[in-house]
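Quick one, what's the 3D model for this:
(one chain, ligands or ions: 1)
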Amino acid sequence: MQQIDRQPKTFRYQDSASEAFRSAKLAVKSLSKEYTSQGKVTSVFDNINLHIQPRELVCLVGASGCGKSTLLNIIAGLLPPTRGEVLVDQICVTGRPGSDRGMVFQGYTLYPWLTVAQNVAFGLSLRKLPKAVQRERVFHFLEVVGLTQFADAYPKALSGGMKQRVAIARAIANEPAILLMDEPFGALDAQTKEQLQQFLLRLWEQTHVTILMITHDVEEAIYLSQRMYVMQAHPGRIARDMTIDLPTERALDIKLSPEFVDIKRQVLQALRE
Ligand SMILES: Nc1ncnc2c1ncn2[C@@H]1O[C@H](COP(=O)(O)OP(=O)(O)OP(=O)(O)O)[C@@H](O)[C@H]1O
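Got it, this is the predicted structure:
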C-alpha cells in the first residue's frame, strides 16, 4: 500500500535571493540585532531571513526570550536593526509604523477617553481622510468585527476579547499592507482565546489581509497558520519554515486530529533541539 506522506514541507535554509523573497509582501533579509552594555555585545538574533506572501497568514513561534518581540518591533519600525533590512512591497522600511504596517499588541491599547468608533477612526483622522469616508470605513470594520452596537461605548465597558476585536478593527481600518500581531490573545482566558482565534481566521478569509503574528502558543500558531516559522534561541534564529497542510476551513476540534497532533510534535521537537 502506498504510504501517505503527512510530513509538512520544511526548509532549513532560506535563500533571501529566491523568488519567494522577490514576490513577498514582507521580506526580512539578513537581520541581526545586538545590544551593547558596558562594552559587552549580546546578540538577540542573527541572520534572520523570512518572507510573507500577499494574503498569507503566517505565525512565528518561539520560546520566551528568543527575540520574537524584538524582531516584530524592528519589522514595525519601532526599533532599529543592527544589520540587515526589512522590505514591505520591496520598499525598505525605515521609520515608525505607517499606514503600511498595522500593529496589534498583547496589552489592551485602546484610548480609554475615546469611544469604540473614535478608537477605530483614530488612524483615519490622523491621515485627515474626509469625515464621511472615515465614518463609512469605521462602521464597515465595526461590522466586520461584529461590534456595531458598541460604536458609542467606551473601552471600560468592553470585555478583553471585545477590546482586542476593536484593536484589530482599528489596525485594519487603515488598510495596512501587513498586519503585525504581537501575542494578541496572550492576555485572554482559554475560552475567549479560542473564540478570537476563530474570529481571526474568519476575518482573514473575509478580508485577506496579510498577517504576521508572533506567539509562544504552539497550538495557536498551527491552528492559524498557512505557514509558520519556528524560532530557536541563544542567539535567536529561524529553525524551520513549515507549510501547514490543514484545510483552510478549520473548526476548533481540528486541534484533536492526528494531522494536527503530528505537526505539533514536530514543532515541539524543533523548539527543543
Ligand atoms: N533593551 C534591551 N537591552 C538588552 N537586551 C534586551 C533589550 N531588549 C530585549 N533584550 C533581550 O533580548 C532577548 C529577546 O527579548 P524579546 O522580548 O524579543 O524575546 P521574546 O521571544 O519576545 O520573549 P517573550 O516571549 O518572553 O516576550 C531577551 O534575552 C532580552 O533580555
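
does Ile168 belong to a helix or a strand, and which?
Element membership for Ile168, per DSSP states H and E: helix 160-173.

give the contact list for the residue most central in space within the chain.
With distances taken as C-alpha atoms, centre = their mean, the residue of the chain nearest its centroid is Met213 (1.8 Å). Neighbour list for Met213: Leu57, Val58, Cys59, Leu60, Leu180, Met181, Asp182, Pro184, Ala221, Leu224 [criterion: C-beta atoms under 8 Å, 6 or more residues apart in numbering]. Placement of C-beta: from N, CA and C, glycine included.

Repeat the analysis, applying 7 Å as the threshold.
Cys59, Met181, Pro184, Leu224 (C-beta atoms under 7 Å, 6 or more residues apart in numbering).

need the residues of the stretch 1-150 of the chain near the ligand, please.
Tyr35, Val44, Gly62, Ser64, Gly65, Cys66, Gly67, Lys68, Ser69, Thr70 (C-beta under 6 Å from any ligand atom).

how close does the nearest residue to the last one once chain neighbours are set aside sit to Pro81?
Nearest residue to Thr70, sequence neighbours excluded (C-beta to C-beta, 6 or more residues apart in numbering): Val44, at 5.1 Å. Using C-beta to C-beta, to the nearest Å, one gets 10 Å for the distance from Val44 to Pro81.

Need the worst-confidence member of the contacts of Met213.
When these are compared by pLDDT, Pro184 scores lowest at 92.

hmm, back to that, direction included, what does the helix or strand that the helix holding Ile168 is followed by pair against?
With elements assigned by DSSP H and E, the helix or strand that comes after helix 160-173 is strand 178-182. Paired strands of strand 178-182, with direction, are strand 101-104 (parallel), strand 211-215 (parallel) (DSSP bridges).

what does the helix or strand containing Arg265 rub up against?
Here Arg265 sits within helix 258-272, counting by DSSP H and E. Here helix 258-272 makes contact (C-beta under 7 Å, 6+ apart) with 6, 8, 61, 63, 218-219, 222, 230, 239-240, 244, 246, 254.

secondary structure element for Asn66?
Small correction: residue 66 is Cys, not Asn. Under the criterion DSSP H and E, no helix or strand holds Cys66.

burial of it, as a residue count?
25 (other C-beta atoms under 10 Å).

The residues of the stretch 1-150 of the chain next to the ligand: which two are farthest apart?
Spatially, the most separated pair among these is Tyr35 and Gly62, at 18.0 Å (C-beta to C-beta).

who's more crowded, the two?
More neighbours surround Gly62 than the other of Tyr35 and Gly62, with 26 against 11 (other C-beta under 10 Å).

which residues does the residue lying closest to that one once chain neighbours are set aside bridge with?
For Gly62, ignoring the flanking residues on the chain, the nearest one in space by C-beta to C-beta, 6+ apart is Met231 at 3.2 Å. Going by DSSP bridges, Met231 is paired in beta bridges with Gly62, Ile238.

Using PDB, write out every CA atom in stretch 152-166.
Output in PDB follows, covering the C-alpha atoms of stretch 152-166 (Å, rounded to 0.1, in the frame of the first residue of the first chain):
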ATOM      1  CA  ASP A 152     -20.600  54.600  21.200                       C
ATOM      2  CA  ALA A 153     -19.400  52.600  24.200                       C
ATOM      3  CA  TYR A 154     -16.100  53.400  26.000                       C
ATOM      4  CA  PRO A 155     -13.400  50.700  26.300                       C
ATOM      5  CA  LYS A 156     -14.000  50.200  30.000                       C
ATOM      6  CA  ALA A 157     -17.500  48.800  29.100                       C
ATOM      7  CA  LEU A 158     -15.900  46.000  26.900                       C
ATOM      8  CA  SER A 159     -14.500  42.600  27.800                       C
ATOM      9  CA  GLY A 160     -10.900  41.800  27.000                       C
ATOM     10  CA  GLY A 161     -11.900  39.900  23.800                       C
ATOM     11  CA  MET A 162     -14.000  42.800  22.600                       C
ATOM     12  CA  LYS A 163     -11.200  45.200  23.200                       C
ATOM     13  CA  GLN A 164      -8.900  43.100  21.100                       C
ATOM     14  CA  ARG A 165     -11.500  43.000  18.300                       C
ATOM     15  CA  VAL A 166     -11.700  46.800  18.400                       C
END
